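K.L.:
Got a predicted structure plus its sequence, pasted below:
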Amino acid sequence: MHELKWGTIVVLASFVWVCLEYVFGLHTQHIELQPVFTTMWIPFAGLLVFVALRERRRVLGGRLTYWQGARSSGLMAIVVGLLTPLSMWVFFHFVNPGFFAAMIDFSVATGVSRVDAEAYFSESRYLLMEAVGGALGTLGAGLLLMVILRTPAARGSAAGRESGGKR
């Protein structure tokens, strides 16, 4: 349930991000800036994964092993991978139906052949890229963050650790 909740939050936040890109003209008059601002989503998504894993640790009583976090990250990644295509489909069909035409035209204007631009900016390819990228990004962020968030395996007694014993 935790992973479903946080995977959904990541997807909804991503949807809001892409809608904000559109509202601020990054898919139209400032299209050349779109790749930069899209890349800025990555740390924000990582922050959401961090908060999700920190919450998971709290729910587990303050203890979260690397493998528990990896499992949680993997499940969140599955949720993100499954829900992202739906959210992006909604965006492409209802929020910005001109997304692909604008991206293709901009690419052609910068020297990319129309055939290559149309192949890259096809809806099916983009939905697949977003799903795989979102899932792998969520998993990768979770695995990296678990190095920070994990609770080390208990070594020695608690009294020994509190008195400066070996950790």
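P.N.:
That came through fine. Residues are numbered from 1 along each chain as shown.

K.L.:
Outside of the helix or strand that contains residue 14 itself, list whatever touches it.
P.N.:
Element membership for residue 14 (DSSP states H and E) is helix 2-23. Contacts to helix 2-23, defined as Cβ atoms under 8 Å, 6 or more residues apart in numbering, come from residues 27-28, 34, 37-38, 41, 44-45, 48-49, 51-52, 55-56, 59, 72, 75-80, 83-84, 87-88, 90-91, 95-96, 99, 134, 138. Placement of C-beta: from N, CA and C, glycine included.

K.L.:
Flag every buried residue along that helix.
P.N.:
3, 6-7, 9-11, 14-15, 17-18, 21-22 (16 or more other Cβ atoms under 10 Å).

K.L.:
cool, and stretch 102-110?
P.N.:
102-104, 106-107.

K.L.:
As a markdown table, the residues you listed with secondary structure, pLDDT and distance to residue 126 would be great.
P.N.:
Supplementary listing: the buried residues of stretch 102-110 in a markdown table, determined by DSSP: H, G, I helix; E, B strand; the rest coil; pLDDT from 0 to 100; distance: Cβ to Cβ, whole Å:
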| residue | secondary structure | pLDDT | distance to residue 126 |
| --- | --- | --- | --- |
| 102 | helix | 97 | 13 |
| 103 | helix | 97 | 9 |
| 104 | helix | 97 | 11 |
| 106 | helix | 97 | 15 |
| 107 | helix | 96 | 13 |
